[in-house]
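# Sequence first, then the predicted structure:
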Amino acid sequence: MTREAADMAVRTEETGTEIQDTQSRPAGGAAALWGIAILGFLALAVSFSARAAFSLAMPIWSKEGWPIAFTSEIGAAALIVMAAVAPLAGNLLDRRGPRQILVTGLLIVGAGMTVIACARQSWLLLPGFSLISAVGFGLVAQHVVATAIAQETSSKRGLATGLATSGSTAGQLLLVPGLAWLMQSQDWRHGFLALAVGAALLAIVALIFLRRGARRSAVTRQDGETFKQRFVALLKQPVFHALYWSFVICGFTTTGAIETHLLPYAALCGLPPLPSAATYGLLSGVNLLGMILVGWMTDRLNRPLLLGSIYILRGFCFLLLMRTGGDLAWLTVFAVAFGLVDYATVPVTASLVASHLGLRIMGLAMGLIAAGHALGGAAGAFWGGWVTGAYGNYDLLWESSLGLALLAGVIVLLLPGKANSSHAADAPATAG
């Protein structure tokens with residue numbers, strides 16, 4: 001099948017028949033693609049900065065008598081809610097496109113940040129972060145943006161995905177240090193109020209500039225095909241299980257271990273809040289470069305080998321973190337090394353889902369994989385809170401993350417480099 005034909009049709013897993021895309025692909029070309037990419041970039045910047053703000057506030061709340069073990073459980077509960085929302089968001093994306101999901105998600109994030117900013121008692125973090133904000137995070141997520149990009153383009157898919165999803169770290173490069181300043185010099189509530197305003201304003205921008213209904217594409221489910229049928233079809237795919245379980249580990253080692261516990265770990269080591277937050281911002285900046293670089297590499301290299309190497313290198317980064325102690329220089333070295341392999345898994349995983357599982361079902365597949373990531377993150381957040389409460393240090397968390405990251409690398413290296421022929425229409429032109 002030629003590249004032109006591949007752009008006009010997708011094959012179904014069950015029958016092998018082709019669904020024509022001549023009417024469902026909207027006009028707009030590059031302008032439409034980069035419009036989604038820019039809005040996705042900005043939306044992820046706000047969403048992930050809001051998630052980072054929770055971790056940033058944990059040491060402050062601890063001084064106010066809100067135990068880290070309790071706030072860790074709040075963070076873990078939020079990740080479980082995100083896991084429940086992610087498949088639903090992915091399935092809706094397959095049917096209606098990104099506009100409705102991103103606008104609604106941003107408004108919900110803003111509402112959750114407002115509740116947290118008004119909290120005078122610790123129990124209000126539960127509805128504010130674990131319920132309201134978590135639903136918004138599940139909608140304004142990397143898998144939504146990555147799927148929307150894949151649906152718009154069949155060439156340079158990895159690079160476009162890397163650029164768009166790098167918003168999850170780009171915003172934190174400037175926003176997290178700024179939030180740290182607000183929380184330290186003013187009141188921690190001001191940081192959450194600023195995020196609420198930013199989310200609301202961006203929701204208005206997305207409502208105005210994203211096309212209505214973009215994109216109800218050829219990946220729309222077949223007539224009469226239920227959510228259950230699509231879900232069962234994915235469970236029968238070994239590739240799905242490999243990508244799912246590796247992403248569960250990805251969540252444990254990033255969202256659970258680093259996003260939740262890096263700053264509390266730095267505080268436990270005696271490092272000042274502002275330099276620690278600046279180091280976290282450095283990690284985010286390097287993360288941005290890593291995502292773009294790996295996105296570019298995704299279109300050119302053997303993708304299972306690339307993804308497996310990322311996981312293995314990530315594992316060794318935890319050796320650097322265990323060397324940190326109270327040395328800011330070592331924490332900086334870790335931030336640079338880990339930043340290169342932090343979210344770099346996203347463009348490669350999205351590309352493998354598109355080619356090996358198919359665009360028709362990519363939204364649901366990425367939603368389920370993102371749910372696994374959130375569950376892994378919840379396990380990491382809870383484990384880290386329990387470890388520090390029981391032993392007074394994070395050593396066991398870092399050792400667990402090291403072993404699990406190496407395991408994820410082995411799982412991914414067993415994937416086939418080429419897509420199954422039934423998904424040939426979805427495969428990138430040059431990816432291995």
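Right, received. Where do you want to start? Since the structure is predicted, the reported quantities are computational estimates derived from the model, not experimental observations.
# When you work out contacts or count neighbours from here on, use the C-alpha atoms and nothing else.
Noted.
# which intervals of this protein have sub-threshold pLDDT?
1-33, 153-156, 172, 211-224, 417-432 (pLDDT under 70).
# Spatially central residue (nearest the centroid) of it, please.
Compute the mean C-alpha point of the chain, and by CA atoms, centre = their mean the closest residue is residue 142, 4.2 Å away.
# Who are the contact partners of the residue lying closest to it once chain neighbours are set aside?
With CA to CA, 6 or more residues apart in numbering as the criterion, residue 142 has its nearest non-adjacent residue at 5.9 Å, and that residue is residue 165. Residue 165 is in contact with 40, 41, 44, 142, 145, 146, 291, 346, 347, counting by CA atoms under 8 Å, 6 or more residues apart in numbering.
# Next, find the distance separating residue 165 from residue 351.
Counting by CA to CA, to the nearest Å, the separation of residue 165 from residue 351 is 13 Å.
# which residues do the two both contact?
With CA under 8 Å, 6+ apart as the test, residue 165 and residue 351 reach no residue in common.
# Quick check: residue 318 vs residue 333, distance?
11 Å.
# Summarise which helices and strands whichever helix in the chain runs longest is packed against.
Of all the segments assigned as helix in the chain under DSSP state H, the longest by residue count is helix 29-63. When contacts are defined as 3 or more CA pairs under 8 Å, 6 or more residues apart in numbering; DSSP states H and E, helix 29-63 sits against helix 68-96, helix 98-117, helix 134-139, helix 142-152, helix 157-165, helix 167-185, helix 188-209, helix 260-268.
# got a markdown table for the ones you listed, with distance to residue 303 too?
Shown next, in a markdown table, are the helices and strands packed on helix 29-63 (distance: least, CA to CA, whole Å):
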| stretch | distance to residue 303 |
| --- | --- |
| helix 68-96 | 23 |
| helix 98-117 | 26 |
| helix 134-139 | 26 |
| helix 142-152 | 16 |
| helix 157-165 | 10 |
| helix 167-185 | 22 |
| helix 188-209 | 32 |
| helix 260-268 | 29 |
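# right, so of the ones you listed, which gets closest to residue 274?
The closest of the helices and strands packed on helix 29-63 to residue 274 is helix 167-185. By CA to CA, the value is 6.5 Å.
# Show me which positions of that closest one end up buried.
167-183 (16 or more other CA atoms under 10 Å).
# Pull the distance from it to the chain's centre.
From the chain centre to the centre of helix 167-185 is a distance of 18 Å (CA atoms, centre = their mean, to the nearest Å).
# Who are the packing partners of it?
Helix 167-185 packs on helix 29-63, helix 188-209, helix 273-298, going by 3+ CA pairs under 8 Å, 6+ apart.
# neighbouring contacts of that helix?
Outside helix 167-185, the residues touching it (CA under 8 Å, 6+ apart) are 40-49, 52-53, 56-57, 142, 188-191, 273-274, 277-278, 280-285, 287-288.
# Now list the buried members of these.
40-49, 52-53, 56-57, 142, 188-191, 273, 277-278, 280-285, 287-288.
# circling back to that earlier point, the contacts of residue 165 into a markdown table, with extra columns for distance to residue 359?
Formatted as a markdown table, the contacts of residue 165 follow (distance: CA to CA, whole Å):
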| residue | distance to residue 359 |
| --- | --- |
| 40 | 19 |
| 41 | 21 |
| 44 | 22 |
| 142 | 16 |
| 145 | 14 |
| 146 | 11 |
| 291 | 22 |
| 346 | 16 |
| 347 | 15 |
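# I'd like to know which of these is nearest to residue 133.
Lowest distance from residue 133 to these (CA to CA) belongs to residue 44, with 13.6 Å.
# Would you check that the closest one makes contact with residue 140?
Yes. Counting by CA atoms under 8 Å, residue 140 is a contact partner of residue 44 at 6.4 Å.
# Identify the contacts common to these two.
Joint contacts of residue 44 and residue 140 (CA under 8 Å, 6+ apart) do not exist.
# Of all the helices and strands packed on helix 29-63, which one is nearest residue 371?
Smallest distance to residue 371 across the helices and strands packed on helix 29-63 (CA to CA): 3.7 Å, for helix 68-96.
# helices or strands next to the closest one in the packing?
helix 29-63, helix 98-117, helix 134-139, helix 142-152, helix 362-391.
# please redo it, this time with the cut-off set to 7 Å
Applying 3 or more CA pairs under 7 Å, 6 or more residues apart in numbering; DSSP states H and E, one finds that helix 68-96 makes contact with helix 29-63, helix 134-139, helix 362-391.
# would you turn those helices into CSV with distance to residue 196?
Formatted as CSV, the helices and strands packed on helix 68-96 follow (distance: least, CA to CA, whole Å):
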stretch, distance to residue 196
helix 29-63, 9
helix 134-139, 12
helix 362-391, 22
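# which one of the ones you listed is the most hemmed in?
helix 134-139 (a mean of 29; mean count of other CA atoms under 10 Å).
# nearest spatial neighbour of residue 377, skipping sequence neighbours?
residue 256 (3.8 Å).
# What residues does that neighbour make contact with?
Each residue near residue 256 by CA atoms under 7 Å, 6 or more residues apart in numbering is listed here: 376, 377, 378, 379, 380, 381.
# try it again with 8 Å
Residue 256 neighbours (CA under 8 Å, 6+ apart): 76, 376, 377, 378, 379, 380, 381, 382, 384.
# Give me the contact list for stretch 40-51.
When contacts are defined by CA under 8 Å, 6+ apart, stretch 40-51 is touched by residues 102, 106, 109, 113, 136-137, 140-142, 145, 163-172, 175-176, 192, 195, 198-199, 202.
# one more time with 6 Å
Residues from elsewhere that reach stretch 40-51 (CA atoms under 6 Å, 6 or more residues apart in numbering): 145, 164, 165, 167, 168, 171, 172.
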